[in-house]
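>>> below is the structure, and that's it, no one-letter string:
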């Protein structure tokens, strides 16, 4: 297995960054063949997903909707970020995606979303391929 790790810097507590280009570059460094890659964020308060990459209102709307999904619960976790842990569990910390000739196979409007839920921070994203 081959891997490449990139660093993502966020500037807000909740923020979505479209990291398609960074992941594409990492994947191109790893392979020029076809297959399925796995993209992993090895953190417990951020997530990864795929959604629209054309309209900046979409990530902003998703952040607002995620915030609205947090229930009125008294969390016991002393760090005060249980809401981020909950949302990370719902969204997920990895995804598998096909690639051809070392490039992600995405729809016209699709992009990879790095979803920060407890920032701002420097985060790692690792791309894995098996050959």
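That came through, no problem. Computed from a predicted model, the values in this text were never measured in an experiment. Numbers count the residues shown, from 1 in each chain.

>>> count of neighbours near residue 27?
Close neighbours of residue 27, defined as other C-beta atoms under 10 Å, add up to 23. Where you see a C-beta, it was placed from the backbone N, CA and C, and this is true even at glycine.

>>> list the contacts for it?
Residues counted as contacts of residue 27 (C-beta atoms under 8 Å, 6 or more residues apart in numbering) are 4, 37, 99, 102-104, 127, 129.

>>> which SS class is it?
What DSSP: H, G, I helix; E, B strand; the rest coil gives for residue 27 is helix.

>>> can you check the one 5 residues further on too?
Classification of residue 32 into helix, strand or coil gives coil, according to three-state DSSP.

>>> list the contacts for the nearest residue to it once chain neighbours are set aside?
Among residues not flanking residue 32 along the chain, residue 102 sits closest, at 4.3 Å (C-beta to C-beta, 6 or more residues apart in numbering). For residue 102, the contacting residues are 27-28, 30-33, by C-beta under 8 Å, 6+ apart.

>>> now which of those residues would you call buried?
27, 30-31 (16 or more other C-beta atoms under 10 Å).

>>> let me know the closest of the residues you listed to residue 66.
Closest approach to residue 66 among those (C-beta to C-beta): residue 27, at 27.1 Å.

>>> got a pLDDT number for that closest one?
Note on residue 27: pLDDT of 97.

>>> from residue 69, how far off is it?
Going from residue 27 to residue 69 by C-beta to C-beta, to the nearest Å gives 31 Å.

>>> what do you get for residue 54?
24 Å.

>>> cool, and residue 120?
Distance from residue 120 to residue 69, counting by C-beta to C-beta: 21 Å.

>>> which residue packs closest to the residue nearest the centre of the chain, ignoring adjacent ones?
Most central in the chain under C-alpha atoms, centre = their mean is residue 48, positioned 2.3 Å from the mean C-alpha point. Among residues not flanking residue 48 along the chain, residue 41 sits closest, at 5.1 Å (C-beta to C-beta, 6+ apart).
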